[in-house]
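Chemist: I'll drop the sequence and a predicted model, then ask my questions.
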Amino acid sequence: MSSRDVTNRLRERVWNGSIPLEIRLHKGDCRTYDDSDPYMIQFPRLSYLGLLIHKLHAFFLANLIYPDIQPSELWLSYEGVPLKWHYPLGLLYDLYSGAEPAYPPDSTSPTQKHETTEEERSHLPWRLTVHFSEYPNEQLVRLDDEDKLMHDLYFNSVKEADYLRTGTGKTVMFLSKEDSTQLWEGVRKHDFGLFSPINQKLLNPQGVNLRHLPVRLYLPHAASDNSQQEMAPGSLRVVQSLVPANLSSRQPQTIGTALNQILPSLFPSRRSPLLAQAVLHGAVLPLNASVEELVRATAYLDGWLHIAVVMMA
């Protein structure tokens, strides 16, 4: 099988990844003493919870204490942690659910056992809470009823990724209005046929050398240098650094070399995870994986590798 076939197959599997959600109305917003029925959905890992606000509003409207509340008033949480709109669902799940990540087939991790599947099932469906009051303005941006802010949050992230890849960001800025609209519709509808052609234009601009790779790392505050400070539940340290496609030796940049350069205290070895693991799309990344190949095959919809750093037991 050619490398292109492998990339295409991996891209398709990532695109089809989803998480079952069970979303319940917060009791403080419910007009009845009993719980309302939950909203159940199999939602794409790559997509954004902000795209659900109209469906959630319509579903829970009859149960709200104040039925004139608009969709932009709602927010979602998991165990008291407000969930950020501009983080993809898969990243949120990897950061907060506590589910054991999948390991590579050749992994020697002592935790890789048959029970992993059962352990993961115990976290599914992922149970979230929807609120229609007491908006956490200090932790979340407030969406609008027309999805304009969700659109802007997405494209700002796309432009940042493009700037790192090309050094200019012109690939995104020079997209035609039709292409920009098609890209957003592909995201909004989770339609691969709409999304992929425009995304490939961004990942493979003609006549442009790849400069840096869009990688963001998300650490629990306990792993942060700032762990001594008082922080809100679920707070994270987000780390970003310039990640060239190749090392000075002209060897391809790997996850191991990148993490060793960015977070040497957590990844002292370039080859073996000793203190922490890098998790992407629910799977532990092998440290010898090429960062460029991962960007081309497994990046989130905004072009970034959003990697959760999980401390080892």
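Modeler: Thanks, I have the structure now.

Chemist: rest of the way, CA atoms for contacts and neighbours
Modeler: Will do.

Chemist: Show me the shaky parts of the stretch 101-250 of the chain.
Modeler: 105-121, 221-231, 233 (pLDDT under 70).

Chemist: let's see 80
Modeler: Applying pLDDT under 80 to the stretch 101-250 of the chain flags the ranges 104-123, 221-234.

Chemist: Show the residue spans covered by the strands in it.
Modeler: Using DSSP state E, counting those that start in this stretch, the strands assigned to the stretch 101-250 of the chain run over residues 126-131, 215-220, 236-240.

Chemist: Next up, the contacts around residue 3.
Modeler: Contact analysis of residue 3 by Cα atoms under 8 Å, 6 or more residues apart in numbering lists nothing.

Chemist: before we move on, the earlier item: I'd like the strands of the stretch 101-250 of the chain written out as JSON lines, with distance to residue 151 and mean neighbour count added.
Modeler: Below are the strands of the stretch 101-250 of the chain laid out as JSON lines (distance: least, Cα to Cα, whole Å; neighbours: other Cα atoms under 10 Å):
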{"stretch": "strand 126-131", "distance to residue 151": "21", "mean neighbour count": "20"}
{"stretch": "strand 215-220", "distance to residue 151": "20", "mean neighbour count": "20"}
{"stretch": "strand 236-240", "distance to residue 151": "22", "mean neighbour count": "15"}
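
Chemist: right, so of those, which gets closest to residue 148?
Modeler: strand 126-131 (20.8 Å; Cα to Cα).

Chemist: Check which helices and strands that closest one is in contact with.
Modeler: Applying 3 or more Cα pairs under 8 Å, 6 or more residues apart in numbering; DSSP states H and E, one finds that strand 126-131 contacts strand 18-25, strand 75-78.

Chemist: Deepest-packed of those, please.
Modeler: Ranked by mean neighbour count under mean count of other Cα atoms under 10 Å, those are led by strand 75-78, which reaches a mean of 20.

Chemist: tell me the mean pLDDT over whichever helix or strand comes after it?
Modeler: The element immediately downstream of strand 75-78 (helix or strand, assigned by DSSP states H and E) is strand 81-82. Averaged over strand 81-82, pLDDT sits at 96.

Chemist: immediately after strand 81-82, which helix or strand?
Modeler: Going down the chain from strand 81-82, the next helix or strand is helix 89-96, by DSSP H and E.

Chemist: which parts of that following helix are buried?
Modeler: 89, 90, 91, 92, 93, 94, 95 (16 or more other Cα atoms under 10 Å).

Chemist: Please convert these to CSV, extending it with distance to residue 265.
Modeler: Shown next, in CSV, are these (distance: Cα to Cα, whole Å):
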residue, distance to residue 265
89, 28
90, 26
91, 23
92, 24
93, 25
94, 22
95, 20
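
Chemist: Around residue 235, count how many other residues there are.
Modeler: 16 (other Cα atoms under 10 Å).

Chemist: Of all the strands of the stretch 101-250 of the chain, which one comes closest to residue 68?
Modeler: Closest approach to residue 68 among the strands of the stretch 101-250 of the chain (Cα to Cα): strand 126-131, 14.2 Å.

Chemist: what's the angle between that closest one and strand 18-25?
Modeler: 40 degrees (axes from the mean of the first three to the mean of the last three Cα atoms, to 10 degrees).

Chemist: what angle sits between strand 126-131 and helix 89-96?
Modeler: 100 degrees.

Chemist: distance between strand 126-131 and the chain's centre?
Modeler: Distance of strand 126-131 from its chain centroid, counting by Cα atoms, centre = their mean, to the nearest Å, is 17 Å.

Chemist: just stretch 181-200 next, same as before
Modeler: With Cα atoms, centre = their mean as the basis, the mean position of stretch 181-200 lies at 17 Å from the chain mean.
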